[in-house]
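Participant: got a predicted structure here, sequence first:
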Amino acid sequence: MGRILMKGNEAIAVAAIRGGIDAFFGYPITPQNEIPEYLSKHLLANGKAFVQAESEVAAINMVYGAAGAGARVMTSSSSPGIALKQEGISYLCGAQLPAVIVSVMRGGPGLGGIQPSQADYYQATRGGGNGDYNLIVFGPETIQETVDIMKEAFAIADQYRNPVLVLVDGLIGQMMESIDLDRPVKERNLPPKDYATTGTRNHPGRHIINSLYLDPLELENHNKKLQQKYALVKAQETRYETVDLEDADYVIVAYGTMARIVRSAMETLKKLGIKVGMIRPITIWPYPEAAFDLIKADCKGILCTEMSAGQMLDDVLIANNGRHKVAFYGRMGGMVPDPEEIVAAIKNFSDWVVK
Amino acid sequence: MPKGKTTFAYEKCKGCLLCVAVCPQKILYQDMTTLNRAGYNIIKVSEPDKCIGCAFCAIMCPDSVITVGVEK
Amino acid sequence: MEVKYAKTKGLTDKPLTYCPGCTHGIVHKLVAEALDELGLLGEAVGIASVGCSVFSYEFFNCDMQQAPHGRACAEATGIKRVRPDLTVFTYQGDGDLASIGIAETIHAANRGENITVIFINNAIYGMTGGQMAPTTLIGQRTTTSQGGRTLAQHGNPIKISEIFAQIEGVAYLERVATFNPKQVLNAKKAIKKAFTYQKEKRGFTMIEVLSTCPVNWGMTPIDALEWVKTSMTPIYPLGLFKDKGDFHE
């Protein structure tokens, strides 16, 4: 097919089709509307399921039902909409159901705004739902990377029987880039869906999709199983990229859109003779703590940059474990920093140190 | 009148008396001297010969305790 | 001796967790008998909701999903849209359906989702200990309406069947009761009809069953049956609300 120019949200939809999506359930919200718009046309034309639900709450529960019946199912939304889906997300994790959730972040809190933001890092990695659960969260930097992850996301969700959240912002959703839809996807040995409620006629015994365990010991054992699964995800799925890390005097940590801006800033900084490297988490849960072990011992400091007040900063501090000085520079509310702001933050590193 | 026979799965009985209330022959009663393992006083038939096999008792039983047979 | 009535194989052998004399057990039997008699058990998926019937996934002898509070019809929609070959039903109480889940229910009905909803109306929250439900009658005492529900404070009880009867996507809707054997048999007929309609792809079907909650009403099970008849049926009249013969597809 070669390279084609596509808008981020539409590319997400196309990649979901490539990933084998059976059903989409969602509710309109800016800036992700092109995803359901595209899928509404293409899924129904191909005998697949699409429902514009009455609310985000209903949509995520339709996801639960369809996932429980064995389908590859997806929903997408943006910040306040993802907030509404938290109940269903917790249930999906509790009942161990696979699903793909796309979150196209906008500024908050509350109704906030519609400009790109990264202020839902906590929402994605810490969650607003109840209980000890984790989503497998990707924070891709480009439309190409988003496409590659979307194509793989259904298989990852199926492998671990856990929802996968693809976290982008309005900038990636709304801009256009040249992409290759045909890049190869990692082959996975997927277990049979021997939990799916497809009728007792179609399988031995009764299949029950459930997250209720009234006996506390039983519930603890269920949680232990979930934690074992999350440990496996950490071991097998953690992804990150490093750029010029080895002899960097300053290391910048950024994901998604911020990593794009950091790349520009790094060019300027190098021209100024400053040795700067980058750690770019691709999964933000599990967080690539191991990447921080690659930072040289006499590094002058780590700058965490986000389009938020500093949420990933927590994970940077945990991963750094007191080894280096950590600074933070961020913009909020939909303001996207210029590369010059990052350059200035490195030049005046001590002004931005938090710990 | 057809002749019926009721059999009770006593251990599942919760002694709610719905069967007693709807029996048209008034032949069911709660035996206040016999408890099942769950601690409920169970239901017995006072005059089995009078059972007409209408199955009203079984239809009303929320816990599927009662099996009803009828003689052809 | 010929067996005239025995426990249906549509129910598992698990003892029901309901209080003595609670008519949930009767309705469970009717749903299970209907599925069994129509030969649908092997293709049925039920949705257990939140409330006293949350454990119904242990009782119905078919595949089951347990839904968050109020979301049963959304779950059912998800299942039915990806597996239209399955017979999908929800089993919901009045708190689940008429309060927290009314949006999911009304929109599933409006889309004409080809599912069957079994709606248990006992005018109270049973599981949580007898709080006021949206269906609680004016004057009825509950733990959150201790002087009796008043019109000024909480409005009138919501009449689900009356509301849903106006929705185009509803193919069949009947309000039934379980206060005597005749009513129980009539309820079973209605439930069977609803599942038959679903099999024929006619659209959304709902059976509202007036049910009892002896413990939280503070009555004996027998008095509770009488209360359904004398106090509930004047507010919630029994009967057919909608029967749309034409096909969904």
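Facilitator: Looks like it arrived, so ask away. Residues are numbered from 1 along each chain as shown, chains lettered A, B, ... in the order given.
Participant: so what's residue C:19 closest to, chain neighbours aside?
Facilitator: Closest residue to residue C:19 apart from its sequence neighbours, by Cβ to Cβ, 6 or more residues apart in numbering or on different chains: residue C:215 at 4.7 Å. Quick note: C-beta positions are derived from backbone N, CA and C, even for glycine.
Participant: for the one helix or strand the one you found maps to, packing partners?
Facilitator: Secondary structure from DSSP states H and E places residue C:215 in helix C:214-217. Based on contacts counted as 3 or more Cβ pairs under 8 Å, 6 or more residues apart in numbering or on different chains; DSSP states H and E, the elements that helix C:214-217 packs against are helix C:221-227.
Participant: other residues contacting the helix it packs on?
Facilitator: Outside of helix C:221-227, the residues that reach it under the criterion Cβ atoms under 8 Å, 6 or more residues apart in numbering or on different chains are B:16-18, B:21, C:20-23, C:178-180, C:212-214, C:217, C:219.
Participant: look at residue A:128 and report its pLDDT.
Facilitator: In this prediction, residue A:128 carries a pLDDT score of 87.
Participant: ok, the residue of the stretch 51-200 of chain A found nearest chain C - how many residues close by?
Facilitator: As assessed by Cβ to the nearest Cβ, chain C sits closest to residue A:65 within the stretch 51-200 of chain A, at 2.7 Å. Neighbour count for residue A:65, taken as other Cβ atoms under 10 Å in any protein chain shown: 33.
Participant: which SS state does it fall under?
Facilitator: helix (DSSP: H, G, I helix; E, B strand; the rest coil).
Participant: do residue C:209 as well
Facilitator: strand.
Participant: ok, back up a step: among the contacts of helix C:221-227, which are in helices?
Facilitator: By the criterion of DSSP state H, membership of the contacts of helix C:221-227 in helices covers B:18, B:21, C:214, C:217.
Participant: for PyMOL, what selects the buried ones among these?
Facilitator: The command below creates a PyMOL selection of those among the ones in helices among the contacts of helix C:221-227 that count as buried (16 or more other Cβ atoms under 10 Å in any protein chain shown):
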select buried, (chain B and resi 18+21) or (chain C and resi 214+217)
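Participant: quickly list what the closest residue to residue C:232 other than its chain neighbours is bridged to.
Facilitator: Nearest non-adjacent residue to residue C:232, counting by Cβ to Cβ, 6+ apart: residue C:210, 5.1 Å away. In this structure, residue C:210 bridges to residue C:121, residue C:177 when assessed by DSSP bridges.
Participant: now do whatever residue of chain B ends up closest to chain C, the pLDDT please.
Facilitator: Checking chain B residue by residue against chain C with Cβ to the nearest Cβ singles out residue B:62 as nearest, at 2.5 Å. Reported pLDDT at residue B:62 in the predicted model: 98.
Participant: go on, residue C:246?
Facilitator: We note a pLDDT of 58 for residue C:246 in this prediction.
Participant: quick revisit: tabulate the ones in helices among the contacts of helix C:221-227 (JSON lines), appending pLDDT and distance to residue C:10.
Facilitator: Rendered in JSON lines, the data for these read as follows (pLDDT from 0 to 100; distance: Cβ to Cβ, whole Å):
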{"residue": "B:18", "pLDDT": "98", "distance to residue C:10": "20"}
{"residue": "B:21", "pLDDT": "98", "distance to residue C:10": "25"}
{"residue": "C:214", "pLDDT": "98", "distance to residue C:10": "25"}
{"residue": "C:217", "pLDDT": "98", "distance to residue C:10": "28"}
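Participant: any regions of chain A where pLDDT drops low?
Facilitator: Under the criterion of pLDDT under 70, the regions of chain A flagged as low confidence span A:1.
Participant: show me the strands in chain C, by range?
Facilitator: C:2-5, C:44-48, C:63-66, C:87-93, C:116-121, C:170-177, C:204-210, C:239-243 (DSSP state E).
Participant: and of the ones you listed, who's closest to residue A:313?
Facilitator: strand C:63-66 (38.1 Å; Cβ to Cβ).
Participant: list of residues touching that closest one?
Facilitator: Contacting residues not belonging to strand C:63-66 are listed as A:64-65, A:68, A:95, A:197-200, A:206-212, C:44-48, C:54, C:56-57, C:75, C:79 [Cβ under 8 Å, 6+ apart].
Participant: same deal with stretch A:259-278?
Facilitator: Under the criterion Cβ under 8 Å, 6+ apart, residues A:141-142, A:241-254, A:280, A:295, A:305, A:336-340, A:342-343, A:346-347 lie in contact with stretch A:259-278.
Participant: if we use 6 Å, what do you get?
Facilitator: By Cβ atoms under 6 Å, 6 or more residues apart in numbering or on different chains, the surrounding residues in contact with stretch A:259-278 are A:141, A:243-245, A:247-252, A:254, A:280, A:337, A:339, A:342-343, A:346.
Participant: residues near residue 196, how many?
Facilitator: As the question left the chain open, I've gone with chain A. Around residue A:196 there are 22 residues (other Cβ under 10 Å).
Participant: wrong one, chain C
Facilitator: By other Cβ under 10 Å, 16 other residues sit near residue C:196.
Participant: okay, the closest residue to it other than its chain neighbours: pLDDT?
Facilitator: Closest residue to residue C:196 in three dimensions, ignoring its sequence neighbours and counting by Cβ to Cβ, 6+ apart: residue C:38, at 6.6 Å. Looking at residue C:38, its pLDDT is 98.
Participant: distance check, the closest residue to chain B within the stretch 1-150 of chain A against residue A:25.
Facilitator: Of the residues in the stretch 1-150 of chain A, the one nearest chain B is residue A:68, at a distance of 27.7 Å by Cβ to the nearest Cβ. Using Cβ to Cβ, to the nearest Å, residue A:68 is found at 13 Å from residue A:25.
Participant: more neighbours: those two, which one.
Facilitator: Counting neighbours by other Cβ under 10 Å for residue A:68 and for residue A:25 shows that residue A:68 has the greater number, 35 against 30.
Participant: quick one: contacts for the more buried one?
Facilitator: By Cβ under 6 Å, 6+ apart, the contact set of residue A:68 is A:97, A:197, A:209, C:65.
Participant: which two from the ones in helices among the contacts of helix C:221-227 end up farthest apart in space?
Facilitator: Spatially, the most separated pair among the ones in helices among the contacts of helix C:221-227 is B:21 and C:217, at 16.3 Å (Cβ to Cβ).
Participant: can you list the residues of chain C near chain B?
Facilitator: Applying the criterion Cβ under 6 Å from any Cβ of the partner chain, the portion of chain C that neighbours chain B consists of C:1-7, C:15-16, C:20-21, C:25-26, C:181, C:184, C:221-222.
Participant: those, buried ones only, as a PyMOL selection?
Facilitator: Selecting the buried subset of these in PyMOL, with 16+ other Cβ under 10 Å as the burial test, is done by:
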select buried, chain C and resi 4+5+7+16+20+21+25+26+181+184+221+222
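Participant: tell me which stretches of the stretch 101-250 of chain A form strands.
Facilitator: Per DSSP state E, counting those that start in this stretch, the stretch 101-250 of chain A has strands spanning A:136-138, A:163-169, A:176-180, A:208-209, A:240-243, A:250-253. These are given in chain order.
Participant: for residue C:241, what are its contacts?
Facilitator: Applying Cβ under 6 Å, 6+ apart, the residues near residue C:241 are C:161, C:165, C:173.
Participant: show me where pLDDT drops low in chain C?
Facilitator: Scanning chain C residue by residue, the ranges that satisfy pLDDT under 70 are C:246-249.
Participant: just want the residue of it that's nearest chain B.
Facilitator: Among residues of chain C, the one nearest chain B by Cβ to the nearest Cβ turns out to be residue C:25. It sits 2.5 Å away.
Participant: surely that residue meets residue C:17?
Facilitator: No. Counting by Cβ atoms under 6 Å, no contact exists between residue C:25 and residue C:17, whose distance comes to 9.7 Å.
Participant: what ranges do the helices span in chain B?
Facilitator: Assigned by DSSP H, the helices in chain B fall at B:18-22, B:56-60.
Participant: brilliant, that's me finished.
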